[in-house]
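[1] I would like to see how this sequence folds:
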Amino acid sequence: MAEDFDEFERKTEESSEDDKEYESFCFLCRRPESECSGMIVLPNDIHICTDCMQKSFDMMNTQFPDGVFNPSGMINIPNISMLDLSAFNNPAGTPKKVKKKKEAEKKTDAKAPSFDFRRIPSPHRIKAALDEHVIGQDYAKKVMSVAVYNHYKRVASDMEDGVEIEKSNMLMIGPTGCGKTYLVKTLAKLLDVPLAIADATSLTEAGYIGDDIESVVSKLLAAADNDVEKAEHGIIFIDEIDKIAKKKNTNQRDVSGEAVQQGMLKLLEGSEIEVPVGASSKNAMVPMAIVNTSNILFICGGAFPDLDSIIKERLNKQASIGFYADLKDKYDNDPHLLEKVTVEDLRKFGMIPEFLGRLPVVFTMDGLTEDMLVRILKEPKNAILKQYQKLLAMDEVRLAFDDGALYAIAAKAMEKDTGARALRAVLEKYMLDIMYEIPKDDSIGQVVITREYIEGRGGPGIYMRGQEGVLPGSM
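    Numbering: from 1, shown residues only. Below you'll find the model as predicted:
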């Protein structure tokens, strides 16, 4: 009995210590005890602050001296609709206490911690990490590494010396499938910052059907788990930016072209934007949050089709007269033609000068060659061949590709003219029968994809368990 009494006394002391860490809150106004002048305790551990209790009595004495009850058991009090007395007996689902904030937490709430610049790696480390995932595009990776590093230095800097570092938003130009989106995804994963990828084709001017311009910031807020401070240090990648180019020869209102560019000016430059939380458009039922875009890095990317024609027209016009004039077809097969792009070329394409002025860092990405496609197949950490090898390894079957097969796959992908995305399309076609037939036979231990199989002049090499052999130069 003495032991039971000691145990009961110990638990009572522990519960009393736990209660000291918590404070009650008013059942009506939901204010914690620290913000109220006093708290009245009712049965079932119901707490009501003295202010709410006094207001209730004052209204009942003034409006209803005898107390007016309706048949359902509710008290009709002005400005308090349908106060149900039964809720006091069973306040299910409502917490009775809230944890007290310590002094350190109050100081933290009063002043939010600044961005920790020290965790951002230096440019050469950023590029080295990008090299592990993205093949080629050395210039683009160098530009992005320096721009991102300087941007977060800007976020962490102060203005005590009166020098304010300008924001360096980026415009990325490159053909489809060259790795624009993948490069940004890899960069955000490396830096461990919130990333939002928005599609410019869905954006329209405010008041029209489609996503409002603020929806891109709303996506970033969602990626940051609705943490405004975290979102204000994130990255927004707006893809297909060329689709909001100014429409030519149109008499209708351009709600998805020039109007969107005009609406994005303040967004890119930096301003406080009221964005919906958890929705793409504003309405009365959606809570709003204020996000400052001054420290958000904007990266815009697009394929800009037919931009090469504008560049060729400008270059041919510059050197098309006289004895030393260039041939008109000189730049027809130039793989580095996009590198010669100027702001004037982009203006002719349909981008307004105010928009281009807020994207000071403009760089291009190279089109993929056959050798680059072969490297993309096997070198990155998440290479396509490694993915298929992992799939067959789950069936305890090894998968290998000889060098001839890799170049044959790359050649067929080049014909599709959709960049690295074509590699998966080609592989899906030739791996279909293998992925279907191999699980039927448990005795198969290895499959080797050959050039003859890709070119339709033979079949893949099938080896039984115990007879596996990797071909020279195969992967």
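
[2] Gly367 and Cys178 touch, don't they?
    Yes: counting by C-beta atoms under 8 Å, Gly367 does reach Cys178; the two are 6.3 Å apart. Every residue, glycine included, has its C-beta placed from N, CA and C.

[3] what's Leu385 sitting at in phi/psi?
    Leu385 adopts backbone torsions of phi -60, psi -40, taken as degrees, to the nearest 10.

[4] What of Leu42?
    Dihedral angles (degrees, to the nearest 10) for Leu42: phi -110, psi 170.

[5] Show me what it bridges to in the sheet.
    Residues in a beta bridge with Leu42, per DSSP bridges, are Ile46.

[6] Mind checking which of Gly367 and Cys178 has more residues around it?
    Cys178 (26 against 19; other C-beta atoms under 10 Å).

[7] Can you tell me the SS state at that one?
    Classification of Cys178 by DSSP: H, G, I helix; E, B strand; the rest coil places it in coil.

[8] quick one: it from Leu130, how far?
    Separation of Cys178 from Leu130 (C-beta to C-beta, to the nearest Å): 14 Å.

[9] Identify the contacts common to Gly367 and Cys178.
    Common neighbours of Gly367 and Cys178, counting by C-beta atoms under 8 Å, 6 or more residues apart in numbering, are Gly419.

[10] give me the low-pLDDT residue ranges for the protein?
    Low-confidence segments of the chain, defined by pLDDT under 70: 1-22, 60-117, 158-160, 249-252, 278-285, 318-335, 467-475.

[11] So which residue is dead centre in it?
    Geometric centre of the chain, nearest residue: Ala196, 2.4 Å, by C-alpha atoms, centre = their mean.

[12] which residues does it bridge with?
    Beta-bridge pairing for Ala196 (DSSP bridges): Ile236.

[13] For it, which residues are in contact?
    For Ala196, the contact set (C-beta under 8 Å, 6+ apart) comprises 216-217, 219-220, 222-223, 234-237.

[14] The closest residue to Ser34 other than its chain neighbours: what secondary structure?
    Nearest residue to Ser34 in three dimensions, chain neighbours excluded: Glu23, at 5.9 Å (C-beta to C-beta, 6 or more residues apart in numbering). Taken by three-state DSSP, the conformation at Glu23 corresponds to strand.

[15] Look at Gly302 and say how many residues are nearby.
    23.

[16] do Ala410 as well
    Ala410 sits with 23 neighbouring residues when counted by other C-beta under 10 Å.

[17] Assumed it was part of a strand.
    No: applying three-state DSSP, one finds Ala410 to be helix, outside a strand.

[18] Surely it and Leu368 touch.
    No: using C-beta under 8 Å as the test, Ala410 is too far from Leu368 to be in contact (9.0 Å).

[19] give me phi/psi at Pro353?
    Torsion angles, degrees, to the nearest 10, at Pro353: phi -60, psi -30.

[20] The chain should start at 506 in everything you say after this.
    Will do, 506 is the new start, and the previous item becomes Pro858.

[21] on that earlier part again, closest to Pro944 among the contacts of Ala701?
    Ala728 (38.3 Å; C-beta to C-beta).

[22] wait, doesn't that closest one sit right on Ala736?
    Yes: with contact defined as C-beta under 8 Å, Ala728 and Ala736 form a contacting pair (7.4 Å).

[23] what about the two, which has more around it?
    Set side by side, Ala728 and Ala736 show more neighbours around Ala736, with 28 against 20, by other C-beta under 10 Å.

[24] quick one, strands of the stretch 606-755 of the chain?
    All strands of the stretch 606-755 of the chain, identified by DSSP state E, counting those that start in this stretch, fall at 675-678, 700-704, 740-744.

[25] need these in JSON lines with distance to Ala927, can you?
    Putting the strands of the stretch 606-755 of the chain into JSON lines (distance: least, C-beta to C-beta, whole Å) gives the following:
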{"stretch": "strand 675-678", "distance to Ala927": "20"}
{"stretch": "strand 700-704", "distance to Ala927": "21"}
{"stretch": "strand 740-744", "distance to Ala927": "19"}
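
[26] Of those, give the one that comes closest to Arg623.
    strand 740-744 (18.8 Å).

[27] Residues contacting that closest one, please?
    With C-beta under 8 Å, 6+ apart, strand 740-744 has contacts from 653, 685-686, 689, 692-693, 696, 698-705, 721-722, 724-725, 801-807.

[28] where's the residue nearest to Ser539 relative to Asp550, distance?
    Taken as C-beta to C-beta, the span from Glu528 to Asp550 is 13 Å.

[29] What of Lys672?
    Distance from Lys672 to Asp550, by C-beta to C-beta: 53 Å.

[30] if we can go back for a sec, overlap in contacts, Ala728 and Ala736.
    Counting by C-beta under 8 Å, 6+ apart, the residues touching both Ala728 and Ala736 are Pro699.

[31] Quick check: closest non-adjacent residue to Gly964.
    Tyr958 (5.6 Å).

[32] same deal with Ile939?
    Using C-beta to C-beta, 6+ apart, the nearest residue to Ile939 is Val952, at 5.9 Å.

[33] Over to Lys845?
    Ile816 (5.6 Å).

[34] can you check Ser529 too?
    Going by C-beta to C-beta, 6+ apart, Ser529 has His552 as its nearest residue, at 4.2 Å.

[35] Thought Pro537 was touching the one you found, still the case?
    No: using C-beta under 8 Å, His552 is not in contact with Pro537, being 9.9 Å away.

[36] now the closest residue to Ala918 other than its chain neighbours: how far from Gly641?
    With sequence-adjacent residues excluded and distances taken as C-beta to C-beta, 6+ apart, Ala918 is closest to Ala927, at 3.8 Å. Distance, Ala927 to Gly641, by C-beta to C-beta: 16 Å.
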